[in-house]
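>>> Make a model of this:
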Amino acid sequence: MNEEFTFSLKSICFDENYHPSDSTRITTNFANLARGTSRQQNLRNTLRMIDHRFNDLAHWDNPTGDRYSVELEIVSVEMNMDAESSHGAFPLIEILKTYIIDKKTNRRIDGIVGNNFSSYVRDYDFSVLLPGYNADRAEFSTPDDFGDLHGKLFKQFANSRTYKERFHKPPVICISASTSKTYRRTGNQHPILGAEYQQNELSSTDQYFAKMGMQVRFFMPPNGVAPLAFYFHGDLLNDYTNLELIGTISTMETFQKIYRPEIYNANSAAGIFYQPSLKNQDYSLTQIVYDREERSQLAVKQGKFAEEHFIKPYKNVLEQWAASCAL
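Reported below is the predicted structural model:
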């Protein structure tokens, strides 16, 4: 790797007192919940939902259903373009770290890192580059090198000393299943992840994560209503403990119930064949205020920020670096 590229980490607790910093990328997600008159109630309700779901899944030796609680930490990853100066630091990605509090044993247990995934460069790729590339095309398509730079940057971070000194296991990203694909339930059943689903073909998001070195599997957890997409390195089912997996499921399923209630808070569960739809009318709303329209607008705004402050000014450096390292 180019010696001038280094990574640094900053973190902030996501709790009922959370106030997003002005520079946070996660304005499209967490900060959206932390605004306005409902701010603290939003955060309190979100954290309560996560804890309830965790205890629902971690039901053994938990007769009163309140043994565990989850703590969340937003981790911001900055990439320093110049080792001699802090002026070249760019907010590359933000991820989420879970911790599990076992109130019976008074232990604080490390959870999975990754979970939610936010990236300025990804916003640039999907909200600036792709629309421009397809502006004059009859059929939608992607450039051959779409996602290459982002994938190399992510893999460089995941393999870096900075990552390995802070985190002990590879990341897992958990997001919504694609509304453009059809899913079929398989016979595979995991005690924590639940029923496995397979899709009819890879989505553009799957292909994008593949360039980050991550494969995908889809599972609908027990008492869930729709499969979640899990992107990971290695062996998802064997590399992580039950409590680690439950931390990710309870956190990310809760966020999806808020972001996409039509799918993850639907009043009926996915069947053997399933296609997620945001047009579904049979769903329940959470008691949490969330502005989905603002989220999509910010993706474009932040993609343009990445273009102005990272892609264009460091174009030559990034191209030389990308050419020198294998995908």
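>>> Report the separation between the residue positioned nearest the centre of the chain and Gln256.
Nearest residue to the geometric centre of the chain (C-alpha atoms, centre = their mean): Asn116, 2.3 Å. Using C-beta to C-beta, to the nearest Å, Asn116 is found at 10 Å from Gln256. Backbone N, C-alpha and C define where each C-beta goes, glycine included.
>>> same question, Ser127
From Ser127 across to Gln256, the span is 21 Å (C-beta to C-beta).
>>> Kindly report the same for Arg217.
Relative to Gln256, and taking C-beta to C-beta, Arg217 is found at 16 Å.
>>> one step back: quick one: common contacting residues for Asn116 and Gln256?
Listed as contacting both Asn116 and Gln256 by C-beta atoms under 8 Å, 6 or more residues apart in numbering are Ile175.
>>> rewinding a little: name the helix or strand for the residue nearest to the centre of the chain, please.
Per DSSP states H and E, Asn116 falls inside strand 107-119.
>>> Over to Ile263?
Ile263 belongs to helix 261-264 when assigned by DSSP H and E.
>>> Check which helices and strands that helix sits against.
In terms of contacts (3 or more C-beta pairs under 8 Å, 6 or more residues apart in numbering; DSSP states H and E), helix 261-264 is packed against helix 242-259.
>>> same for the helix it packs on, what does it pack against?
If you count contacts as 3+ C-beta pairs under 8 Å, 6+ apart, helix 242-259 packs onto helix 39-57, strand 68-80, strand 89-102, strand 107-119, strand 172-176, strand 228-232, helix 261-264.
>>> which residues make contact with whatever helix or strand comes next after the strand holding Asn116 from outside it?
Counting by DSSP H and E, the next helix or strand C-terminal to strand 107-119 is helix 120-124. Helix 120-124 is contacted from outside by 25, 90-93, 149-150, 153, 208, 299-300, 302-307, 310-311, using C-beta under 8 Å, 6+ apart.
>>> Please list the outside residues in contact with stretch 128-140.
With C-beta under 8 Å, 6+ apart as the test, stretch 128-140 has contacts from 141-143, 146, 300, 303-304, 306-307.
>>> meant to ask about stretch 48-59
Contact with stretch 48-59 is made by 62, 65-70, 72, 100, 192, 221-223, 242-243, 246-247, 249-251, 253-254, 257, 286, as judged by C-beta under 8 Å, 6+ apart.
>>> for the protein, what helix or strand is lowest in average pLDDT?
Lowest on mean pLDDT, DSSP states H and E among the helices and strands of the chain sits helix 30-33, with a mean of 60.
>>> Give me the below-cutoff pLDDT ranges for the stretch 1-150 of the chain.
Where the stretch 1-150 of the chain drops to pLDDT under 70, the residues are 1-4, 20-38, 82-88.
>>> For the closest residue to Ala89 other than its chain neighbours, give me its contacts.
Using C-beta to C-beta, 6 or more residues apart in numbering and skipping the chain neighbours, the partner closest in space to Ala89 is Glu78 (4.5 Å). Counting by C-beta under 8 Å, 6+ apart, Glu78 touches 7-10, 89-92.
>>> Could you identify which of these has the most neighbours?
Within these, most neighbours by other C-beta atoms under 10 Å means Leu92, with 24 neighbours.
>>> contacting residues around that one?
Leu92 makes contact with 7, 77-79, 119-121, 153, 157, according to C-beta under 8 Å, 6+ apart.
>>> make it 7 Å
By C-beta atoms under 7 Å, 6 or more residues apart in numbering, the contact set of Leu92 is 77-79, 119-121, 153.
>>> Buried ones only from those, please, as a PyMOL command.
Here is the PyMOL command that picks out the buried ones among those, judged by 16 or more other C-beta atoms under 10 Å:
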select buried, resi 77+78+79+119+120+121+153
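>>> who are the neighbours in contact with Asp235?
Taking C-beta under 7 Å, 6+ apart as the definition, Asp235 has no contacts.
>>> That one and Ile74, how far apart?
Distance from Asp235 to Ile74, by C-beta to C-beta: 27 Å.
>>> Ok, Tyr264 next?
Where Ile74 is concerned, Tyr264 sits at a distance of 21 Å (C-beta to C-beta).
>>> Equivalent analysis for Val216, please.
Val216 sits 23 Å away from Ile74, going by C-beta to C-beta.
>>> Which one's more surrounded, those two?
Ranked by neighbour count (other C-beta under 10 Å), Val216 and Ile74 place Ile74 first, with 24 against 20.
>>> Quick one: distance of the strand holding Asn116 to the chain centre.
From the chain centre to the centre of strand 107-119 is a distance of 10 Å (C-alpha atoms, centre = their mean, to the nearest Å).
>>> now swap in stretch 193-212 and tell me
How far stretch 193-212 lies from its chain's middle: 14 Å, per C-alpha atoms, centre = their mean.
>>> same question, stretch 252-265
For stretch 252-265, the distance to the chain centre is 13 Å (C-alpha atoms, centre = their mean).
>>> Quick check: end-to-end length of it?
Stretch 252-265 has an end-to-end distance of 13 Å (criterion: C-alpha to C-alpha, to the nearest Å).
>>> Sweet, I'm off.
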